[in-house]
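turn this into a model:
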Amino acid sequence: MVSASGCVDGALQCQLCTHDDGEHYGLLDEAEYGSALWLRWRGSTGTELAVLPDCPVADPGPGGEACCLFAGHVEQHTWEGVETLGGVSCTN
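Numbering: from 1, shown residues only. Sure, this is the predicted structure:
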């Protein structure tokens, strides 16, 4: 990720499935119950902090693994894609 200062920070990566354009979201910390603090950025044009509610969707299969993203995210839930992306989770 390129910060507003122009420095590259390899410790924070976008948690959404692989994509080249659009907004990116990196999880910073859990916030109040049912929400988390995210860093949002688009290209190298700067960053913004956002407290977003947790995604309420859980895997309908056995175990019911919760999605680790925020409500209203685009693309797949974190528990999807393991089969369709060759065993690679969206958050890796």
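
and the gap between the residue sitting furthest away from the middle of the chain and residue 79?
Most distant residue from the mean C-alpha position of the chain: residue 62, 23.5 Å away (Cα atoms, centre = their mean). According to Cβ to Cβ, to the nearest Å, residue 62 and residue 79 sit 12 Å apart. Heads up, the C-betas are built off the backbone N, CA and C, glycines and all.

swap in residue 31?
Distance from residue 31 to residue 79, by Cβ to Cβ: 22 Å.

local confidence estimate at the spatially most central residue of the chain?
Of all residues in the chain, the one closest to the mean position by Cα atoms, centre = their mean is residue 15, 3.0 Å from it. If you check residue 15, the pLDDT there is 86.

neighbours of the nearest residue to residue 12 once chain neighbours are set aside, how many?
Setting aside the residues directly before and after it, residue 12 is nearest to residue 26 in space (Cβ to Cβ, 6 or more residues apart in numbering), at 4.0 Å. Residues lying near residue 26 (other Cβ atoms under 10 Å) number 18.

residue 64 now?
With other Cβ under 10 Å as criterion, residue 64 counts 9.

cool, and residue 17?
There are 20 residues near residue 17, going by other Cβ under 10 Å.

now do it against residue 33, distance only.
Applying Cβ to Cβ to residue 17 and residue 33 gives a distance of 26 Å.

please apply the same query to residue 51.
From residue 51 across to residue 33, the span is 12 Å (Cβ to Cβ).

between these two, which is the more surrounded one?
residue 51 (13 against 6).

which ones are touching residue 29?
Residue 29 makes contacts with 36-37, as judged by Cβ atoms under 8 Å, 6 or more residues apart in numbering.

so what sits opposite it in the bridge?
residue 37 (DSSP bridges).

residue ranges with poor pLDDT in this structure?
1-10, 20, 81-92 (pLDDT under 70).

quick one: the strands in it, in order.
Taking DSSP state E, the strands of the chain run over residues 24-30, 35-41, 47-53.

quickly compare those and say which is most buried.
The highest mean neighbour count among those belongs to strand 35-41 (a mean of 17), with neighbours defined as mean count of other Cβ atoms under 10 Å.
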